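**Q** sequence and predicted model, in that order:
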Amino acid sequence: MTATPDLPEVPDDLSGLGGFPDDLSGLIEIPDDLSGLDRLAAALSEPTVKAGAGDVELPAAPDLPDDLLIPDDLSGLTKPARLEGAVLVTPIDSAKALAATCSLEGIAADVVESEVGALVVLRDLDGDALEQAATTITSRIMGVLMVLVTRRQGQVTAMRFANGESHGEVSLALLLANAPEEVEDLLLGPVDLAALKPIDTAKIGRAKALWMLGAVNREMHRERMQNASEARKANREAKKAARNEGDNG
């Protein structure tokens, strides 16, 4: 048997060791929520198993159902990052006509002009609202290719839409190389949207939208008539010049 070592003698009067403060609360921090202690007490009350000779005792593992399945891909458990901006790039010359169309379809956006066509700065970035907006606009303006450019966590992607359908992604480098500067400014910012003189579709009522479309159609008709008149005039002058050249020859 191992001999017990001699312990030092403890004096009866310990006052000489110095006084202890009456209040020790300042030395420890007691959390407001002690519910964790209940869980700890419950865990310690579980039966224990021996892991091996000399090992500490561990709480028994809980029973799991036999049909429990753990999927290989857990990416769906994480919430996708929210979109930070979206612009629909169109070849439409008239921002007014495009804004009127968006208003009639209930699409909230700011429509601005650019050197390649009107740009639709979409406001509703939740769920499938962007794809739905691009599908709706291209189904109302058939035969026109538009590109939906979005930004999420600094990453920019571009998707083609035409005739109410998606037609896959487009090369971002190719798009930005040919797109107006306004597209990059609107997506990557900062940019003063007011400086681009946007048309707010939310401020266009149905009657005004129909009037705007009618005015645009009338203007386009006048331009077509003027172009046709100028073409006929140029044709007559070309024929007259040819006859004069023939007479002189």
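**A** That came through, no problem.

**Q** how does this protein divide up, domain by domain?
**A** Domain segmentation of the chain under automatic domain parsing yields 85-204, 205-249.

**Q** let's have those domains in TSV, adding mean neighbour count.
**A** Where you see a C-beta, it was placed from the backbone N, CA and C, and this is true even at glycine. Listed next are those as TSV, based on neighbours: other C-beta atoms under 10 Å:
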stretch	mean neighbour count
domain 85-204	17
domain 205-249	11
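
**Q** what's the least confident stretch among those?
**A** Lowest mean pLDDT within these: domain 205-249, at a mean of 82.

**Q** what about the helices in this protein?
**A** Counting by DSSP state H, the chain has helices at residues 35-44, 95-104, 129-140, 172-178, 181-188, 206-248.

**Q** residues making contact with the fifth one?
**A** What that stands for is helix 181-188. Residues outside helix 181-188 that contact it (C-beta atoms under 8 Å, 6 or more residues apart in numbering) are 85, 87, 89, 112, 114, 119, 121, 149-151, 156, 175-176, 191, 193, 196.

**Q** do that again at 7 Å, thanks
**A** 85, 87, 89, 112, 114, 119, 121, 149, 151, 156, 176, 191, 196 (C-beta atoms under 7 Å, 6 or more residues apart in numbering).

**Q** closest to Glu223 among those?
**A** Ser114 (19.8 Å; C-beta to C-beta).

**Q** for Met146, which residues are in contact?
**A** Leu88, Val89, Thr90, Ala134, Ile137, Thr138, Phe161, Ala162.

**Q** try 10 Å
**A** By C-beta atoms under 10 Å, 6 or more residues apart in numbering, the contact set of Met146 is 88-92, 117-118, 120, 134, 137-138, 159-162.

**Q** Met142 now?
**A** Applying C-beta under 10 Å, 6+ apart, the residues near Met142 are Ala162, Asn163, Gly164.

**Q** same deal with Leu193?
**A** For Leu193, the contact set (C-beta under 10 Å, 6+ apart) comprises Asp110, Val112, Val121, Asp185, Leu186.

**Q** I'd like those residues as TSV, with distance to Ala215 appended.
**A** Formatted as TSV, the contacts of Leu193 follow (distance: C-beta to C-beta, whole Å):
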residue	distance to Ala215
Asp110	20
Val112	19
Val121	23
Asp185	29
Leu186	27
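
**Q** which of those residues lies closest to Val170?
**A** When these are ranked by distance to Val170 (C-beta to C-beta), Leu186 comes first, at 17.3 Å.

**Q** how close does the closest one sit to Thr136?
**A** 20 Å (C-beta to C-beta, to the nearest Å).

**Q** again with Ala118
**A** 15 Å.

**Q** next up, the contacts around the residue found closest to Gly164 once you drop the neighbours it is linked to in the chain.
**A** Counting by C-beta to C-beta, 6 or more residues apart in numbering, Gly164 lies nearest to Ser139, which is 3.1 Å off, once chain neighbours are set aside. With contact taken as C-beta under 10 Å, 6+ apart, Ser139 is in contact with Glu105, Phe161, Ala162, Asn163, Gly164, Glu165.

**Q** before we move on, back to that, in strands, which of the contacts of Met142 fall?
**A** Ala162 (DSSP state E).

**Q** want to try a markdown table for the contacts of Met142, with distance to Glu219 as columns?
**A** Below are these laid out as a markdown table (distance: C-beta to C-beta, whole Å):
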| residue | distance to Glu219 |
| --- | --- |
| Ala162 | 25 |
| Asn163 | 26 |
| Gly164 | 27 |
